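Participant: Can you look at this prediction? I've put the sequence above it.
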Amino acid sequence: MLELSIVYGLNENDTRKVREMRGGRFLADVINGKEWPPSGSYACIQNQPLQGETRCHNIPVIGAQIIMGGSVMYLWFYRMHNAVARELQSMNPCWDDEKLFYEAREIVIAFVNQIWYYELYPAVLGYDYLLKNKAIYSTWGHINDYNPKLEPAVSIEYVVGTRWFHTVQEGRSKLYDRDGKLINELDSVELTLRTGILPLNRTIQGLTQGYFRQATAAEDYIIDPDMGERVLGSLQTASDVYSSDIMKGRDDGLPAYNKYRQICNLPVAKDFEDLRQWMPDDKVDAMIQHYETVDDIDIVAGFTSEYPMKEAAFGPTLACMMTDQIKHWRQADRFWYENQQHPGAFTEEQLYQIRHMTMSRVICDHGDEVDTIQPWSFFLAGPG
Ligand code: HEM
């Protein structure tokens, strides 16, 4: 997601297939004044063609239209690319398609990283925690901490850790009108692999409003029953995503929860009773029932049970696992948007402008019919 491969693909061949090859833009159908990628893929197996749901995007990465939230977010950044390419073309009429495409790509990726590092990660990990661990810095200028000795790779801990988001996935996706009035609710799992529903009956407009008006499920380690029972809606009636998440930790051979606490310099539990300091009693009781010793607890079961840290959604063990990678990404990437250590680096002025990008700005500019939104859309609108 950080390098936006969901929009730009994993290799040049796939990306070329969806490029217009003019003006640095992606191919686009225009529906009600908004751009959509060309349709024609057969991946949207939950589309209901008899109800007119035929749109299924021919895009480089199929994963970009599995989960509905991902499908809509894909559209925002895909549209942003074309908007940036147009802007660049009007400022640089001599640039050819290739130059426009890759310059636009670099800018859009910088925008996304700005949002992830300074909005999304602080929302789940806490701004001060990230600062303290040097995953982000408090500056409008460059950060030059590229380290050529680091391998630009992703830790398996980060991938498994990201599954925490399953615990805050709401089972019902709410649709609102522009004034914030609830107009409909749909089962989230019924929207998986179903891009065809988006342009019909103002579904994309309603869902888009919901993405900044609906709260996540409570951060209480309880998974929504739909996620635990019917992950792919009517197509897969018995599947438990949380069990898969725990299983994934085992399949990947991750050390146990207590071992990670040790690696993270956190107090280690000598017995089950020690756990009561950092997770609720009912969870500890469940651990006692399911594990023989405290050292057997699976990492996923452990990190989804911990109380969150101050001003964060993640507990300390997950925070440690994730922050290590978040910091690593920046330091291992010579072309990271914040660093100045390569010839194509953004100038001070360009970086200053990039630092103004927010998720709300993206939704406002590239979402469907959004004219009012809170400034920080990872948080609900409120008096504060
Ligand atoms: C309706 C919503 C969602 C459904 C039905 C869903 C379902 C699934 C399923 C079935 C898997 C594979 C499980 C396995 O067999 O190992 C999976 C993996 C995963 N999901 Fe979700 N998910 C949803 C939302 C999300 C969200 C909102 C996020 C994060 C923001 C997320 C992040 C992940 C990650 C990181 C993986 C692991 C990928 C890997 O191991 O390579 N999911 N999800």
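Facilitator: Yep, it's here. Residues are numbered from 1 along each chain as shown.
Participant: At the contact with the ligand, which residues of the stretch 1-150 of the chain appear?
Facilitator: Residues of the stretch 1-150 of the chain lying close to the ligand by C-beta under 6 Å from any ligand atom are 67, 69. Using the backbone N, CA and C atoms, a C-beta is placed for each residue, glycine as well.
Participant: Quick check, the residue in the stretch 1-150 of the chain closest to the ligand?
Facilitator: Closest residue of the stretch 1-150 of the chain to the ligand, C-beta to the nearest ligand atom: residue 67 (4.7 Å).
Participant: any idea how far residue 189 is from that residue?
Facilitator: Distance from residue 67 to residue 189, counting by C-beta to C-beta, to the nearest Å: 10 Å.
Participant: before we move on, what about residue 82?
Facilitator: On the measure of C-beta to C-beta, residue 82 and residue 189 end up 31 Å apart.
Participant: When those two are compared, which one has more neighbours?
Facilitator: Using other C-beta atoms under 10 Å, the more surrounded residue of residue 82 and residue 189 is residue 189, with 26 against 20.
Participant: can you pull up the bridge partners for residue 184?
Facilitator: Counting by DSSP bridges, residue 184 is bridged to residue 175.
Participant: Could you report the neighbour count for it?
Facilitator: 16.
Participant: give the contact list for it.
Facilitator: By C-beta atoms under 8 Å, 6 or more residues apart in numbering, the contact set of residue 184 is 174-175, 206.
Participant: and if you look at residue 35?
Facilitator: 28-29, 78-79, 82.
Participant: Quick one: buried ones out of these?
Facilitator: Among those, those classed as buried by 16 or more other C-beta atoms under 10 Å are 28, 78-79, 82.
Participant: helices or strands next to the helix or strand of the chain with the lowest mean pLDDT in the packing?
Facilitator: Lowest on mean pLDDT, DSSP states H and E among the helices and strands of the chain sits helix 225-229, with a mean of 85. For helix 225-229, the packing partners by 3 or more C-beta pairs under 8 Å, 6 or more residues apart in numbering; DSSP states H and E come out as helix 241-251.
Participant: Show me where this structure dips below the pLDDT cut-off.
Facilitator: Within the chain, the ranges that satisfy pLDDT under 70 run 1, 221, 384.
Participant: now the helix or strand residue 326 falls within, how far from the chain's geometric center?
Facilitator: If you go by DSSP states H and E, residue 326 is part of helix 316-332. Relative to the chain's own centre, helix 316-332 is displaced by 15 Å; criterion: C-alpha atoms, centre = their mean, to the nearest Å.
Participant: likewise stretch 59-76?
Facilitator: Using C-alpha atoms, centre = their mean, the offset of stretch 59-76 from its chain centre is 11 Å.
Participant: For it, measure first residue to last.
Facilitator: 14 Å (C-alpha to C-alpha, to the nearest Å).
Participant: One more: stretch 167-176?
Facilitator: Start-to-end, stretch 167-176 (C-alpha to C-alpha) is 23 Å.
Participant: And for stretch 339-356?
Facilitator: Stretch 339-356 has an end-to-end distance of 17 Å (C-alpha to C-alpha).
Participant: Ok, stretch 114-125 next?
Facilitator: 16 Å.
Participant: Please apply the same query to stretch 190-206.
Facilitator: First-to-last distance for stretch 190-206 - C-alpha to C-alpha - comes to 16 Å.
Participant: Contacts made by it with the rest, please.
Facilitator: Against stretch 190-206 from outside (C-beta under 8 Å, 6+ apart): 31-32, 36, 43-49, 51-57, 65-68, 71-72, 75, 173, 175-177, 183-184, 207, 231-234, 368-369.
Participant: Relative to residue 170, how far out is the closest residue to residue 208 other than its chain neighbours?
Facilitator: What sits nearest to residue 208 in space, not counting adjacent residues and going by C-beta to C-beta, 6 or more residues apart in numbering, is residue 367, at 4.5 Å. Taking C-beta to C-beta as the measure, residue 367 falls 19 Å from residue 170.
Participant: which of the two has more neighbours?
Facilitator: residue 367 (25 against 18).
Participant: Provide the count of other residues in contact range of residue 8.
Facilitator: Around residue 8 there are 24 residues (other C-beta under 10 Å).
Participant: check contacts around it.
Facilitator: 15, 60, 105, 109.
Participant: run the last query once more with 7 Å
Facilitator: Applying C-beta atoms under 7 Å, 6 or more residues apart in numbering to residue 8 gives the contacts 15, 60, 105.
Participant: and if you look at residue 118?
Facilitator: Contact partners of residue 118, counting by C-beta under 7 Å, 6+ apart, are residue 136.
Participant: try it again with 8 Å
Facilitator: Per C-beta under 8 Å, 6+ apart, neighbours of residue 118: 136, 355.
Participant: give me phi/psi at it?
Facilitator: phi -110, psi 0 (degrees, to the nearest 10).
Participant: Against which helices or strands is the lengthiest helix in the chain packed?
Facilitator: In the chain, with assignment by DSSP state H, the single longest helix is helix 68-91. Applying 3+ C-beta pairs under 8 Å, 6+ apart, one finds that helix 68-91 makes contact with helix 5-8, strand 34-36, helix 97-115, helix 203-213, helix 359-366.
Participant: Mind putting those into a markdown table with distance to residue 299?
Facilitator: Shown next, in a markdown table, are the helices and strands packed on helix 68-91 (distance: least, C-beta to C-beta, whole Å):
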| stretch | distance to residue 299 |
| --- | --- |
| helix 5-8 | 26 |
| strand 34-36 | 40 |
| helix 97-115 | 27 |
| helix 203-213 | 30 |
| helix 359-366 | 29 |
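Participant: and the stretch 201-350 of the chain, which residues reach the ligand?
Facilitator: Residues of the stretch 201-350 of the chain lying near the ligand (C-beta under 6 Å from any ligand atom): 231, 241, 244, 248.
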